[in-house]
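Asks: have a look at this prediction, sequence included:
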Amino acid sequence: MTARLSVNLNAVAQLRNRRDLPWPSVRHLGKIALEAGAYGLTVHPRPDQRHIRFTDLAVIRNLIDDEFPQAEFNIEGYPSDHFIGLCLESEPEQVTLVPDSPSQSTSDHGWDFIADAGVIERAVIRLKKRDIRVSLFADGDASRSQLEAARDSGADRIELYTGPYGACYDDPKREVEIAARLGETAAIAAELGLGVNAGHDLTVENLPVLAQQIPHLAEVSIGHGLTADALEFGMAESVRRFRRACGETV
Ligand SMILES: CC(=O)[C@@H](O)[C@H](O)COP(=O)(O)O
Ligand SMILES: NCC(=O)COP(=O)(O)O
């Protein structure tokens with residue numbers, strides 16, 4: 001199984017928002033990414049709209065519906081009423097619920113699936129009523145009891161938070177250790193019937209080892225590293241490079 005690549009457009013939107021101008025265009029870069037073979041597009045509309053704006057959601061939904069009907073739209077966010085409302089309007093193929101507070105600079109931890117069971121389950125029920133696949137952001141070293149609680153929420157998948165893995169870019173020994181731990185967590189999740197996604201600070205360099213550790217990895221969502229590479233190689237070539245790093249023959 002080769003992990004599917006979903007391109008996160010947050011960084012493109014953040015660059016756009018530097019000026020009161022419409023470029024770089026989230027729609028145009030998303031189109032290029034899909035034309036280059038990305039499986040889908042991911043956005044994380046944060047409450048302060050620091051990058052993805054709420055108006056971007058319909059634009060991406062329409063791009064996929066009109067030109068790439070085989071592609072998937074993945075929306076990430078904290079399950080506030082407002083966020084769930086945005087998702088029900090956009091009807092993405094997948095929603096990834098993250099435990100982020102509005103003040104967080106980025107996503108940096110997974111759910112406490114036991115303590116947060118109520119808020120998670122209420123959101124899962126609302127999303128599953130509309131046949132939206134639900135993925136829950138999980139720490140890479142989540143325990144079996146935590147993963148059992150994630151399964152009991154009714155969610156379809158977990159997304160392994162790979163920030164600590166990405167941070168080890170200059171410590172190969174630690175990188176291998178964390179990759180192995182991520183593989184153990186992924187194996188327990190699969191045993192419990194949960195699909196496994198992964199994301200955060202993944203790169204062309206660190207993806208292959210992760211994919212080896214998690215042969216059943218369903219999807220990786222990548223934005224920061226892929227966009228950084230796009231400044232050097234262009235968006236289309238950056239997507240192809242990441243597809244190859246996922247194990248695709250491109
Ligand atoms: C959930 C996750 O790890 C990332 O997709 C997150 O969306 C990154 O958010 P920022 O782009 O705001 O750092
Ligand atoms: N869920 C991870 C994601 O969508 C992008 O994370 P990053 O590659 O921007 O760190």
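Replies: Cool, got the structure. Ligands and ions are numbered 1, 2, ... in the order given.

Asks: can we go C-alpha only for contacts and neighbour counts from here?
Replies: Fine.

Asks: write out the residues of the chain neighbouring ligand 2.
Replies: 8, 42, 199-202, 221-225 (Cα under 6 Å from any ligand atom).

Asks: swap in 8 Å and give it another go.
Replies: 6-8, 10-11, 42-44, 76, 96, 159, 161, 163, 198-203, 220-226 (Cα under 8 Å from any ligand atom).

Asks: so which of the residues you listed belong to helices?
Replies: Among these, the members found in helices (DSSP state H) are 10-11, 163, 224-226.

Asks: make CSV out of the residues you listed and add pLDDT and neighbour count.
Replies: Below are those laid out as CSV (pLDDT from 0 to 100; neighbours: other Cα atoms under 10 Å):
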residue, pLDDT, neighbour count
N10, 98, 24
A11, 98, 20
G163, 98, 18
H224, 98, 19
G225, 98, 18
L226, 98, 26
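
Asks: buried ones among the residues of the chain next to ligand 2?
Replies: Neighbour counting with 16 or more other Cα atoms under 10 Å marks 6-8, 10-11, 42-44, 76, 96, 159, 161, 163, 198-203, 220-226 as buried within the residues of the chain next to ligand 2.

Asks: among the residues you listed, which are in strands?
Replies: If you go by DSSP state E, these have 6-8, 42-43, 76, 96, 159, 161, 198-199, 220-222 in strands.

Asks: contacting ligand 1 as well, which ones from those residues?
Replies: 8, 42-43, 76, 96, 161, 199, 221-222.

Asks: run the contact check for the longest helix seen in the chain versus ligand 1.
Replies: Longest helix in the chain, counting residues (DSSP H): helix 172-191. No. Using Cα under 8 Å from any ligand atom, no contact is recorded between helix 172-191 and ligand 1, whose separation bottoms out at 14.9 Å.

Asks: quick one: that helix to chain centroid distance?
Replies: Relative to the chain's own centre, helix 172-191 is displaced by 18 Å; criterion: Cα atoms, centre = their mean, to the nearest Å.

Asks: kindly report the same for stretch 99-109.
Replies: Using Cα atoms, centre = their mean, the offset of stretch 99-109 from its chain centre is 14 Å.

Asks: center of this structure - which residue?
Replies: S221 (3.8 Å; Cα atoms, centre = their mean).

Asks: follow-up on the earlier one: of the ones in helices among the residues of the chain next to ligand 2, just say which sits nearest to ligand 2.
Replies: Proximity of these to ligand 2 was ranked by Cα to the nearest ligand atom; the top entry is H224 with 3.7 Å.

Asks: circling back to that earlier point, show me what contacts the residue nearest to the centre of the chain?
Replies: Applying Cα atoms under 8 Å, 6 or more residues apart in numbering to S221 gives the contacts 5-8, 42, 197-200.

Asks: residues contacting the spatially closest residue to it that is not a sequence neighbour?
Replies: Once flanking residues are discounted, S221 sits nearest to S6: 4.6 Å by Cα to Cα, 6 or more residues apart in numbering. Residues near S6 by Cα under 8 Å, 6+ apart: 38-42, 72, 74, 219-222.

Asks: hmm, try it at 7 Å
Replies: 38-42, 220-222 (Cα atoms under 7 Å, 6 or more residues apart in numbering).

Asks: could you identify the most distant pair in those?
Replies: Y39 and I222 (11.6 Å; Cα to Cα).
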